[in-house]
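Q: here is a sequence with its predicted model. Questions after.
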Amino acid sequence: MLHARPFHRIAIALVVCALAIPTSLRADTRHHITLGLGYTKLLNDDLKDEATGVDFTNAFSGQLGYRYSLNSSFDLCLESRGMISTDEYAGIDLTLTNTYFGPGLRWNASGMGPRLFVQGNVMYVNEEIELDGGGATLSQSESGAGFGIFGGVDIPLSKLLSMPIEVHYLYAKPEDDVSGVGGNVGITFNWSAM
């Protein structure tokens, strides 16, 4: 019986660890930082000129976001997003840059595996057009208000990392209507305490 007792303790320890692992993976992580890249299709036909061939409707997009979990279902969010479209006309490089920044709220589905989410943000938006050619650069910018609606699935890769795959709609009209739809894939760092 003396030899059975250590085995019994090891067995109990293994059972406790096995039960604790799902609980620890499920435990609410409070802080989340997401880096994402993707594509956005700008919907305004005025951003495409058939006569000159200039087309700003296809944009590369990037994302930097922070979320703070209030509970397992709701997060407060602070999003910074940017879109850039480039083209060339008569030897002049043209760049349209749109930046979005603002707070929001995110809902997360329950569960331990991949989790669906829906998020809404109000945004401060800046639109900048830049012309670069002949050794000179000219730019003009306008600012305004907008909003974003995001949805997708967040796939856990480990306790620290997850991979969000999202679709989004961004509305903004600082000067031109630069609203668009698109998608991003990212990496999220999740942890419990600062």
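A: Here it is on my side, so go on. Here the structure is a predicted model, which means the values were calculated and not measured. Numbers count the residues shown, from 1 in each chain.
Q: for the helix or strand encompassing G36, name the packing helices and strands.
A: Using DSSP states H and E, G36 sits in strand 31-42. If contacts are counted by 3 or more C-beta pairs under 8 Å, 6 or more residues apart in numbering; DSSP states H and E, strand 31-42 sits against strand 58-69, strand 74-89, strand 161-172, strand 180-191. Glycine gets a C-beta too; all of them are placed from N, C-alpha and C.
Q: sheet partners, orientation included, of it?
A: Under the criterion DSSP bridges, strand 31-42 sits next to strand 58-69 (antiparallel), strand 180-191 (antiparallel) in its sheet.
Q: how about the helices and strands packed on strand 31-42, which one is nearest L138?
A: L138 lies closest to strand 74-89 among the helices and strands packed on strand 31-42, at 13.4 Å (C-beta to C-beta).
Q: tell me what angle that closest one forms with strand 161-172.
A: 60 degrees (axes from the mean of the first three to the mean of the last three C-alpha atoms, to 10 degrees).
Q: now strand 74-89, how far from the chain's geometric center?
A: From the chain centre to the centre of strand 74-89 is a distance of 9 Å (C-alpha atoms, centre = their mean, to the nearest Å).
Q: helices or strands up against it?
A: Using 3+ C-beta pairs under 8 Å, 6+ apart, strand 74-89 sits against strand 31-42, strand 54-55, strand 58-69, strand 92-108, strand 115-133.
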